[in-house]
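# Provided below are the primary sequence and the corresponding predicted coordinates.
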Amino acid sequence: MAADDRLNGARNVGVLNGKKTFRGSVGLRDKNDFYALNINRRSSFNLLLGSLQNDVDVSLIQNGKAIASSNRRKNRSEKIDATLEPGTYYVRVYPKRGGSKYQLSLNATPLSQPGLPNQPALTDAFYNNVFLSGTSAAYNCGLNNDPTSCIDYQNVSSVLSNGCSQGSQTACSLLLELINIEGTARLIGMIDSF
């Protein structure tokens, strides 16, 4: 029995962000192949099990329970599509009838946060436009404490902050610049009040 025949000996895929492909085989002597994968962010998950000679099935497991399965007849390709929350998951490939070689493709694409644009697809130009749309709001919020401007400033800051947390250096730099604009305007307002 191979190590990957057991859940605790699963082949480690690591963090799944994008597509990874594996080849293997299952049959009378190798009844299961397990793969362990980690999802760091809420993601759209796609699994495709193909290149089958016989009937092979697949399950997606979390916390010891199958949360999705595909068991099409004969040597048809198996497919699982799901939205996964961050966590550790296992894929089990197992023969239904007879042994078979297989090709397993796993893909995870992070999803956007509710109410926000899809962060990974955003460009520097997007962040620049967001920043430019928020400069006057930041200035008016700092200078006059205008409620409408302050709400706009908070919204723009939130978009830039999310971009920064997703790894955009441009969003981080622009967020700092926006905070400086608001702070400078607040200081000018205090000086003018004397």
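Alright, I've got the coordinates. Residues are numbered from 1 along each chain as shown.
# Name the nearest residue to the residue nearest the centre of the chain, ignoring sequence neighbours.
Central residue of the chain (C-alpha atoms, centre = their mean): residue 110, 2.2 Å from the mean position. Among residues not flanking residue 110 along the chain, residue 41 sits closest, at 4.4 Å (C-beta to C-beta, 6 or more residues apart in numbering). Glycine gets a C-beta too; all of them are placed from N, C-alpha and C.
# Assign that neighbour to helix, strand or coil.
coil (DSSP: H, G, I helix; E, B strand; the rest coil).
# partner residues bridging the residue nearest to the centre of the chain?
Beta-bridge pairing for residue 110 (DSSP bridges): residue 43.
# so it touches residue 15, yeah?
No. Here residue 110 lies out of contact with residue 15, judged by C-beta atoms under 8 Å, at a distance of 11.0 Å.
# Name the residues contacting each of the two.
Counting by C-beta atoms under 8 Å, 6 or more residues apart in numbering, the shared contacts of residue 110 and residue 15 are residue 40.
# count of residues packed around residue 124?
14 (other C-beta atoms under 10 Å).
# In contact with the nearest residue to it once chain neighbours are set aside, which residues?
Computed as C-beta to C-beta, 6+ apart, the closest residue to residue 124 that is not its neighbour in sequence is residue 170, at 4.3 Å. Counting by C-beta under 8 Å, 6+ apart, residue 170 touches 124, 127, 128, 163.
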